[in-house]
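J.: Predicted model and sequence below, questions to follow.
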Amino acid sequence: MAGFLGEAENHAYRRVLGLAHNLVGAALRGLPLVAWAYVCAVIALAASCIGLSSFDGIDWTTLAVLAVLSVVCESVPALLNSANARVSLSYSAGLASVVLLGPVGAALVGASAIVTGRRDIGPVKRLFNGAQFALSGYLAGVVYSAAGGRTGKPTDGSFPGIITPYVGAVSTYVAVNLVFIGVILVLTKQEPMWGFRWRPLGQLAAGQLAYGMFGLLIAAPWGVIGPFSAVLVLMPMLLARWAFEQTRAQQQAHAATIAALCQAVETKDYYTRGHSERVSRGSTMIARAIGMRPERVGAIRYAGMLHDVGKLGVPTKVLQKPGDLTEEELAAIQLHPMRGLEIVREIGFLDEALAGIMHHHERMDGTGYPMGLAGLEIPEFARVISVADAFDSMTSTRSYRAACSTEEGIAELRRSAGAHFDPELVEAFIKALEREGWEQPEPVAPPEGEEVETTQQDHDDPSAPLRVAGENVRP
């Protein structure tokens, strides 16, 4: 669900979703007094709704089956890409109980969340979770009945008339649940009252609505095959959940691989710390601006992270040399894109990213390296990365100069467009900068207690070409 958001937006998304799934990611210890009062009020309200209701006509066998189903689903949610965000199939059981059991039965099924098997949820969290699910189910049941929905096992005559009341029930269930979430976010100061970020909750709501609609598929054949209908519906979904977990594990392995390589590069070349991450972000901004498909945006994000991995094959004394380079040292630097390709070429998931790593120092006029490609001979990924790479280098502090301002970096990109950079990609990047902004990094200090030679040039900086002993400049 997180997709490839901007860094600031993605941070907010993780923060909201981490608490959004019923306080899973938040500690209730140390809550503000008003938040405690709110939690207690929700629990008391749910207890009142259940305690003051009549249980006449409740099918206790059906209730028990749905409650067990809800607890099982809530106990094994699928993790999303965000650290604390989870998606649960319990919405399906909760909405099925609205049809089969009515408001009170739905409230009791919702309250079963108190006994979830998850160990990361403390007693107060369990009570709050059960209370908000109970209230969501109860109000959804009220709306379902008010809209003309018939409580009990559906028959052939129930359709299609049951569909509209059920959609109303699902919408109510999700809306009430998200209201509880939004309020606790504000009261715990996770989100401001004014300027609340609604987009993450909107995306969460979409998932809840989808799972809620499966509740009707569970309820519809209940009168014919009984509880087995839940198995027929949820078994494929549980298999999909397993596949999702495998995909997520693979993505985590990819991220760990890339992080390890980037850390190795930055350890070797300390003054460019954070450079790979910023180039990745800039490349992603350009990719979105020109309308790349999501899968290619993901690939170019990897390429931006790993574009300088070839520095691992360049001697540290060359990377940090304070004076002019010899011809041999220049050659070592200009071979780093090829070294990078050698290092990562066997990593299958990089795919098109490999071309970006190999050719990100090529120039539109053919004077770049390592192969001297020109114009559209240069792969698109490489043309994108070269713009982001140069911009970050210029707007970062180096030992031999202060960082350029964003405006100065943009001006230099425009001066070099056509000769060094693809003019269309330069303009796309500038428009993306105007929309999203750019946070310039703080200067990087040398490792504490270490004597480190400091280079006086940077091969990524188009405003300061590499100097070679005995010659004027080199590209």
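T.: Received it, and whenever you're ready, just let me know what you need. No experiment lies behind these values; they were computed from the predicted model shown. Residues are numbered from 1 along each chain as shown.
J.: Can you pull out the residues in contact with stretch 335-354?
T.: 254, 257, 261, 296, 299-300, 302-303, 306-314, 357-361, 369-370, 379, 381 (Cβ atoms under 8 Å, 6 or more residues apart in numbering). For glycine as for every other residue, the C-beta is placed from the backbone atoms N, C-alpha and C.
J.: roughly how far out does that stretch sit from the chain middle?
T.: Here stretch 335-354 is found 25 Å from its chain centre; the criterion is Cα atoms, centre = their mean, to the nearest Å.
J.: PyMOL command to pick out the buried ones of the contacts of stretch 335-354?
T.: A single PyMOL command selects the buried members of the contacts of stretch 335-354 (16 or more other Cβ atoms under 10 Å):
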select buried, resi 254+257+261+296+299+300+302+303+306+307+308+309+310+311+312+314+357+358+359+360+361+369+370+379+381
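J.: Domains in the protein, by residue range?
T.: By the record's domain assignment, the chain is partitioned as 7-248, 269-436 (automatic domain parsing).
J.: least reliable of those going by mean pLDDT?
T.: Per-stretch mean pLDDT for the domains of the chain is lowest at domain 7-248 (a mean of 81).
J.: Run a quick neighbour tally on M292.
T.: M292 is flanked by 18 other residues according to other Cβ atoms under 10 Å.
J.: Let me know whether I162 touches P154 as I believe.
T.: Yes - the pair I162 / P154 is scored as a contact, 6.1 Å apart, by Cβ atoms under 8 Å.
J.: Export the domains of the chain as CSV, with columns for distance to P443.
T.: Formatted as CSV, these follow (distance: least, Cβ to Cβ, whole Å):
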stretch, distance to P443
domain 7-248, 20
domain 269-436, 4
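J.: how about the strands in the stretch 51-200 of the chain?
T.: Listed in chain order, the strands of the stretch 51-200 of the chain (DSSP state E, counting those that start in this stretch) span 78-79, 86-87.
J.: Need the residues touching each of I162 and P154.
T.: V99.
J.: any idea how far C404 is from the residue nearest to L31 when sequence neighbours are not counted?
T.: Nearest residue to L31, sequence neighbours excluded (Cβ to Cβ, 6 or more residues apart in numbering): T188, at 6.2 Å. Noted for T188: a distance of 41 Å to C404, by Cβ to Cβ, to the nearest Å.
J.: And V233, by the same measure?
T.: Distance from V233 to C404, by Cβ to Cβ: 59 Å.
J.: Equivalent analysis for E424, please.
T.: As defined by Cβ to Cβ, E424 lies at a distance of 23 Å from C404.
J.: Compare those two (neighbour count), which wins?
T.: A count of neighbours by other Cβ under 10 Å puts C404 above the other of E424 and C404, at 21 against 12.
J.: and the gap between that one and F391?
T.: Distance from C404 to F391, by Cβ to Cβ: 9 Å.
J.: repeat for E328
T.: For E328 relative to F391 (Cβ to Cβ), the value is 30 Å.
J.: likewise L217?
T.: Per Cβ to Cβ, L217 is found 51 Å from F391.
J.: And for T164?
T.: Separation of T164 from F391 (Cβ to Cβ) stands at 54 Å.
J.: quick one, which of those two is more surrounded?
T.: F391 (28 against 13).
J.: list the contacts for that one?
T.: The neighbours of F391, taking Cβ under 8 Å, 6+ apart as the test, are 282, 409-410, 413, 429.
J.: 6 Å instead?
T.: G409 (Cβ atoms under 6 Å, 6 or more residues apart in numbering).
J.: does it belong to a helix or a strand, and which?
T.: Assessed by DSSP states H and E, F391 sits inside helix 380-394.
J.: just checking, next helix/strand downstream of that helix?
T.: helix 406-416.
J.: quick check: angle from that next one to helix 380-394?
T.: 130 degrees (axes from the mean of the first three to the mean of the last three Cα atoms, to 10 degrees).
J.: And helix 406-416, what's buried?
T.: Within helix 406-416, the residues that count as buried by 16+ other Cβ under 10 Å are 406, 409-410, 412-413, 416.
J.: Grab the longest helix from this protein for me.
T.: For the chain, the helix with the greatest residue count under DSSP state H is helix 228-268.
J.: Tell me what angle whichever helix or strand comes after that helix forms with helix 380-394.
T.: Per DSSP H and E, the first helix or strand lying C-terminal to helix 228-268 is helix 275-289. Using the same axes, to 10 degrees, the inter-axis angle of helix 275-289 relative to helix 380-394 is 130 degrees.
J.: ok, and what's touching whatever helix or strand comes next after helix 275-289?
T.: The helix or strand immediately downstream of helix 275-289 is helix 294-306, counting by DSSP H and E. The contact list for helix 294-306 (Cβ under 6 Å, 6+ apart) reads 4, 258, 262, 276, 279-280, 283-284, 287, 344, 350-353, 356-357, 381, 385.
J.: Return the members of the residues you listed classed as buried.
T.: Neighbour counting with 16+ other Cβ under 10 Å marks 258, 262, 276, 279-280, 283-284, 287, 344, 350, 353, 356-357, 381, 385 as buried within the contacts of helix 294-306.
J.: with these in mind, which one is nearest to A46?
T.: Nearest to A46 among the buried ones among the contacts of helix 294-306: T284, at 43.8 Å, using Cβ to Cβ.
J.: Can you tell me how far that closest one is from G298?
T.: 9 Å.
J.: same thing with L45?
T.: Taking Cβ to Cβ, one finds L45 at 44 Å from G298.
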